[in-house]
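A.B. asks: pasting the sequence and the predicted coordinates here, then a few questions.
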Amino acid sequence: MTENAKGKVLLIESQYFPPIDSYKTLVKHDILKIEKYEHYQKLSYRNRCYVAGPNGRMILSVPLARGKNQRTVMKDVRISNEEKWQGLHWKTLVSAYRRSPWFEYYEADLQGLFETPFQFLMDWNLACFEWMNSKLGIEVPIIYTESYEKEVSGVTDARESILPGPVTAGEPGYTQVFQERTGFIPGLSILDLLFCEGKQSLEVLKKG
């Protein structure tokens, strides 16, 4: 698949179980182009995602081999597997979503992903992205940049446009597990939507 194929192309950085806003943008496009040659940027969704807990938003952060301040090209960023971060992330997800309507439906399959070791951050992110797309029913071809270009044309350039930080809550669109306790929490990972809405998640995204 090349970007010369017909369809709207979305250019975005590699993200760990991307936030719902990224998916709302993705479903309006036909092809996904992932930035491969940028330098790693800290405080981004490249190695973190947010989920809902009983006390509010919780962060899941993938540890990196050379720390968060590295200036490595994304394709070369390695994961630090010295600590059992996948096991910790999985336990957090089980604790947060075991009472959600759809968690049990996806549990065994997703656990297998979190038991599979990865060396490179982009490979892990891609595996998470492909797993999620298969559950959402999204079939989008994926291509990669061949070099870094600050200015691009002919695509929707969403790089650095969706960032962690204060998020203004819009229309909820769905009910979260702890919503009665915490209120609706915006800016969460697509995992939150999947566990709460299951097979209706794609329709929620398209309405967004």
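C.D. replies: Good, I have the coordinates.

A.B. asks: how many other residues sit next to residue 203?
C.D. replies: The number of residues packed near residue 203 is 12, by other CB atoms under 10 Å. Where C-beta positions appear, they are placed from N, C-alpha and C, glycine not excepted.

A.B. asks: swap that for residue 18, sorry
C.D. replies: 23.

A.B. asks: now it: closest residue in space that isn't a chain neighbour?
C.D. replies: residue 190 (5.7 Å; CB to CB, 6 or more residues apart in numbering).

A.B. asks: so the one you found is in contact with residue 16, correct?
C.D. replies: No - counting by CB atoms under 8 Å, residue 190 does not reach residue 16; the two are 10.4 Å apart.

A.B. asks: higher neighbour count, these two?
C.D. replies: The residue with more neighbours, out of residue 190 and residue 16, is residue 190; 26 against 21, by other CB under 10 Å.

A.B. asks: ranges for the strands of the chain?
C.D. replies: 9-13, 31-35, 48-53, 56-61, 142-144, 156-157 (DSSP state E).

A.B. asks: show me the contacts for the spatially closest residue to residue 132 that is not a sequence neighbour.
C.D. replies: Nearest non-adjacent residue to residue 132, counting by CB to CB, 6+ apart: residue 190, 5.7 Å away. The contact partners of residue 190, by CB atoms under 8 Å, 6 or more residues apart in numbering, come to 17, 18, 19, 20, 22, 23, 132, 136, 201.

A.B. asks: separation between the closest residue to residue 66 other than its chain neighbours and residue 121?
C.D. replies: Closest residue to residue 66 apart from its sequence neighbours, by CB to CB, 6+ apart: residue 72 at 6.6 Å. Distance, residue 72 to residue 121, using CB to CB, to the nearest Å: 9 Å.

A.B. asks: repeat for residue 158
C.D. replies: 19 Å.

A.B. asks: mind checking which of the two has more residues around it?
C.D. replies: Using other CB under 10 Å, the more surrounded residue of residue 158 and residue 121 is residue 121, with 23 against 18.

A.B. asks: what is the neighbour count of residue 61?
C.D. replies: Residue 61 is flanked by 14 other residues according to other CB under 10 Å.
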